[in-house]
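S.K.: Here is a sequence with its predicted model. Questions after.
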Amino acid sequence: MNHEKKIPLIRLAKRDGMEGWKVWCIRCGSILFALLLGALVMGLAGANPVTAYGTMISGALGKKSAIRQTVKIAVPLLGCALAIAPCFKMRFWNIGAEGQITAGAIAASYFALFWANRLPSPVLLLVMGLAGALAGGLWALIPAFFKAKWNTNETLFTLMMNYIIIGVVRWLQGGPWEGRKGSQIIPQFDEAACLPRVLGVHCGWIIVLVLVVFMHIYMNHTKHGYEIAVIGDSINTARYAGMNVGRVMMRTMFLSGAISGIVGFIVASGANNTLYDGVAGGVGFTSITVAWLSQLNAFAMVGISGLLAVLSKGAETLQTRMAVPTSISDIITGILLFCMLGCEFFINYKLIFRGAGRKEARHG
Amino acid sequence: MGNFLSLFLALIIAAITYGTPLLFGTLGEILTEKSGSLNLGVEGIMFMGGALGLGGVFYYEKAAGAGASGFVAVGIGILCAFLAGALASLIFSFLTITLRANQNVTGLALSIFGTGVGQFVGEYMRVRENGYISIGNALKGFFQNSPFPAALQRIPVVGGVLFGNSVFFYLGLILAAGMFFFLNRTRTGLYLRSVGESPATADAAGIAVERYKYLATVIGGGISAVGGMVYIMTIAGCVWNHEGLSGVGWLAVALVIFCMWRPLSAIWGSVLFGALMILYLRLVLPFVPTQLYKILPYVVTVIVLIVSSMRNNKEKQPPASLGLAYFREDR
């Protein structure tokens, strides 16, 4: 009986195989909870939460033009989340998507700026896309190479690579590629170098949706995907099974960087029609959370990136209509991420309270 | 020659000014990472520290009027920033330590959240106070000027460099020395390092792993946040300036690697990074474009990272379990 005191108030036990509907109930519950917390923040800022959310939703989805804007925000988020998924599956913490987007955008912009009058538009766009993929892939390959060879910490390495390449864009902006002297702006792309529109939005959304299907198949139904999964579970098992871990890492990172590079091409050519230092604009970081919250499931990413895009577009409307600073969307996004990250705990573990444990023991 | 010397001294003083926010950011993150938590939310934490520190001082001055004491104002600035950072890190700790969420993702989420809160508070105060948040010149002096008497600062050559910096630089020095002593010379520091290196071993030795991780992360976050406040109050001139502050937090994360998790190296490391941040203004070389100067800190950090992993020197490595979660039940 004396031992009873030693039993902690709450014990944890791993839970496996919770029913699918319960899992989704918890996840949706956490989103609702986050939105409630967000309402609290809005209330503190002096805005009526109900009207504010209403404004956000109508601002993001109310009109055709608004929906187009929202899709435009969601496209790079989704594309980049797809790029990050295989790396994270492998437990290779690539937080350099921001830089890989930028690298891809630089390469694509090179062709847009200097080859526009020499190639027909479809060929030019294809070349830009390929150049973007190659540049993004190579930029991602550098940290992967050092990780494979000397086990250099990839989280910090990829992080640093972001700022290096963004600095390069700033240099191009004020130097070699500057349009009007002193403007610090790279000129707009030629019409031929801009992605054509489909249903009012640049056709990047089609590319990204194709990538969703590609990534789903790649991760779940190919040998590469299997190797990635094994390395993610245990590097030693992978080695024992005769996999060349370093090579798989480099290959996966190249692929990941290449997809980010394509996203860079889409953003530069489709959304901005030019290159500037904010071409990635935090997408590389936000998409990591998108990928993780979707449990690296390509189809779930569509939903999550859509949700974040609605928040972000809605916040813009909120600023113009109710004078609430746009940064509210970052706050609500942050709260949403915290809640969704936290809720996974309740899916993976169950809490056993002291009393309940005793009851169980008696039954057992 | 004398001209060159004075230019050089001016550069060092400017480098110290720009390095001081980094020093706090880095020291906080060192403490955090020594416990094995890789908190990538420093950027957000420094934003929150900057905005709330400024807010605290502004409303203190508004309440106290002409009778505002500089000493109290500095204290309030530090306290508000520290509490903001500690609170932000508490969210991070709760999610990663208790709820076992992934550290990288949680840190990034904290970055998004923190930059949002910082911006929001900064903007909101500006709108509420009709356009402009600023601190009176008398109080500004306490934040930006040297705490030492003018006589000491007038010592030829070394006076300005040694005694002419803002009070925060000296606080940073004391903090760095204190942290060095704590980590390397006390039992608690040893326990903390063991938690960061091998939590399973520490746990088996009876060390309360979770408590150490929580405390180190929360206090570390608070210290990092003070760096954001220092940036706003000294370099940005006591007005909210998110453009200037953006990127400082990431630079602090880089600096932690650069100085190899050693608090004393953080001192010269932050001054060096401060110098790299402003070198383009002071030293114009005809062949090197100014924008490429600005990426130097990151390039240097990458090189340090690579070299240290190639050398595989036991002394100069990240804490062995950095970024990894520890759950007793998982073993």
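M.R.: Alright, I've got the coordinates. Residues are numbered from 1 along each chain as shown, chains lettered A, B, ... in the order given.
S.K.: So which residues of chain A form helices?
M.R.: All helices of chain A, identified by DSSP state H, fall at A:20-44, A:49-61, A:64-89, A:97-114, A:121-150, A:154-174, A:204-221, A:223-233, A:235-240, A:245-266, A:283-293, A:298-322, A:328-348, A:354-363.
S.K.: Now mean pLDDT, mean neighbour count and distance to chain B too, for these, in CSV please.
M.R.: (Glycine included, C-beta is placed from N, CA and C.) Output for those, formatted as CSV (pLDDT from 0 to 100; neighbours: other C-beta atoms under 10 Å in any protein chain shown; distance: least, C-beta to the nearest C-beta, whole Å):
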stretch, mean pLDDT, mean neighbour count, distance to chain B
helix A:20-44, 86, 15, 8
helix A:49-61, 85, 18, 13
helix A:64-89, 91, 24, 9
helix A:97-114, 93, 28, 10
helix A:121-150, 92, 22, 4
helix A:154-174, 88, 23, 3
helix A:204-221, 92, 17, 18
helix A:223-233, 90, 17, 13
helix A:235-240, 88, 13, 13
helix A:245-266, 94, 26, 14
helix A:283-293, 87, 28, 4
helix A:298-322, 87, 21, 10
helix A:328-348, 87, 23, 2
helix A:354-363, 54, 10, 15
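S.K.: how about the residues of the stretch 1-150 of chain B near chain A?
M.R.: The stretch 1-150 of chain B has residues B:38, B:40, B:44, B:91, B:94-95, B:98-102, B:104-106, B:108-120, B:123-124, B:127 near chain A, with proximity defined as C-beta under 8 Å from any C-beta of the partner chain.
S.K.: Check these for burial and list the buried ones.
M.R.: For these, a neighbour count by 16 or more other C-beta atoms under 10 Å in any protein chain shown gives the buried set as B:38, B:40, B:44, B:91, B:94-95, B:99-102, B:104-106, B:108-120, B:123-124.
S.K.: I'd like to know which of the residues you listed are part of helices.
M.R.: Using DSSP H, the members of these that fall within helices are B:44, B:91, B:104-106, B:108-120, B:123-124.
S.K.: who touches residue 71 in this structure?
M.R.: Just so you know, I chose chain A. If you count contacts by C-beta atoms under 8 Å, 6 or more residues apart in numbering or on different chains, A:Val71 has them with A:Val201, A:Trp205, A:Ala309.
S.K.: if you could check chain B rather than the one you did, that'd help
M.R.: By C-beta under 8 Å, 6+ apart, B:Phe71 lies in contact with B:Phe142.
S.K.: And for A:Tyr349?
M.R.: Applying C-beta under 8 Å, 6+ apart, the residues near A:Tyr349 are A:Leu12, A:Ala13, A:Lys14, A:Arg15, B:Arg100.
S.K.: centroid residue for chain A?
M.R.: Among the residues of chain A, the smallest C-alpha distance to the mean C-alpha position (C-alpha atoms, centre = their mean) belongs to A:Ser287, namely 1.3 Å.
S.K.: what's the closest non-adjacent residue to that one?
M.R.: Across the structure, with C-beta to C-beta, 6 or more residues apart in numbering or on different chains as the measure, the residue nearest A:Ser287 apart from its sequence neighbours is A:Cys80 (3.6 Å).
S.K.: Which helix runs longest in chain B?
M.R.: Using DSSP H to assign secondary structure, the helix with the most residues in chain B is helix B:2-34.
S.K.: wait, A:Val198 sits on A:Ile206?
M.R.: Yes - between A:Val198 and A:Ile206 there is a contact under C-beta atoms under 8 Å: 6.3 Å.
S.K.: Let's have the helices of chain A in JSON lines, adding distance to B:Gly19.
M.R.: Formatted as JSON lines, the entries for the helices of chain A read as follows, by distance: least, C-beta to C-beta, whole Å:
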{"stretch": "helix A:20-44", "distance to B:Gly19": "34"}
{"stretch": "helix A:49-61", "distance to B:Gly19": "41"}
{"stretch": "helix A:64-89", "distance to B:Gly19": "33"}
{"stretch": "helix A:97-114", "distance to B:Gly19": "25"}
{"stretch": "helix A:121-150", "distance to B:Gly19": "27"}
{"stretch": "helix A:154-174", "distance to B:Gly19": "17"}
{"stretch": "helix A:204-221", "distance to B:Gly19": "42"}
{"stretch": "helix A:223-233", "distance to B:Gly19": "39"}
{"stretch": "helix A:235-240", "distance to B:Gly19": "39"}
{"stretch": "helix A:245-266", "distance to B:Gly19": "33"}
{"stretch": "helix A:283-293", "distance to B:Gly19": "26"}
{"stretch": "helix A:298-322", "distance to B:Gly19": "35"}
{"stretch": "helix A:328-348", "distance to B:Gly19": "28"}
{"stretch": "helix A:354-363", "distance to B:Gly19": "52"}
